[in-house]
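1. Sequence first, then the predicted structure:
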Amino acid sequence: MVPNTITNKNEWAAASRIPATAPTLSGADITLWNPGDLETDINIITTATSGLTFSLNGNIKLSLNDITPEDGDAKIRINSSTHLIEGLDNNNVPTGKLYNKYILSGDFFKIPLNTYLNNEWQGTRLTGPEMIVEYDYLYY
């Protein structure tokens, strides 16, 4: 018979590094949590076409020149897995148009693992224009 209480649940929860609540995934100043075992790729979706500088914990990682969207593109997606800046329609479907030529400085980046500081787990602060982020936790 399996008991309905697990006596070491709090120990397991702390060791797993899985946050109790989901991270905020939209805004211009977002705390990202990566309690996984590996750094993870990120997709950043934005309607902004200027002021495209993305920083992690205050360090600029990627800056783009002002973008002139092509017909049919309502948003752009920065995809760190494929190293592409892609055009998206209003339904977030890729249009096949690429915007890598607008990279001013920096490079594509991943979300680092959370760090443990002052007896608590620390997230990673992502700042940039209004955006939505998508990513996964990677465990092995």
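-> Arrived safely, thanks for sending.

2. residue ranges with poor pLDDT in this structure?
-> For the chain, the stretches with pLDDT under 70 are 1-9, 12-24.

3. how does it look with 80?
-> 1-24, 115-117, 121, 139-140 (pLDDT under 80).

4. who's in contact with the longest strand anywhere in it?
-> Ranked by number of residues, the top strand in the chain under DSSP state E is strand 124-135. Here strand 124-135 makes contact (C-beta atoms under 8 Å, 6 or more residues apart in numbering) with 25-34, 40-48, 51-58, 111-112, 114. Bear in mind the C-beta positions are built from the backbone N, C-alpha and C, glycine included.

5. Which of the residues you listed fall within strands?
-> Among the contacts of strand 124-135, the ones falling in strands (DSSP E) are 26-32, 42-46, 53-56.

6. among these, which ones are buried?
-> By neighbour count, with 16 or more other C-beta atoms under 10 Å, the ones in strands among the contacts of strand 124-135 hold 30, 32, 42-46, 54-56 as buried.

7. Specify which member of these is nearest to E11.
-> Among those, L32 lies closest to E11 (C-beta to C-beta), at 25.3 Å.

8. Name the nearest residue to the closest one, sequence neighbours excluded.
-> Excluding its sequence neighbours, the residue lying closest to L32 (C-beta to C-beta, 6 or more residues apart in numbering) is T124, at 4.7 Å.

9. residues near the one you found, how many?
-> Number of residues near T124 (other C-beta atoms under 10 Å) recorded here: 18.

10. repeat for L88
-> 20.

11. Next: L25.
-> If you count neighbours by other C-beta under 10 Å, L25 ends up with 12.

12. same question, W33
-> Here the number of neighbours of W33 (other C-beta under 10 Å) works out to 21.

13. All good on my end, thank you.
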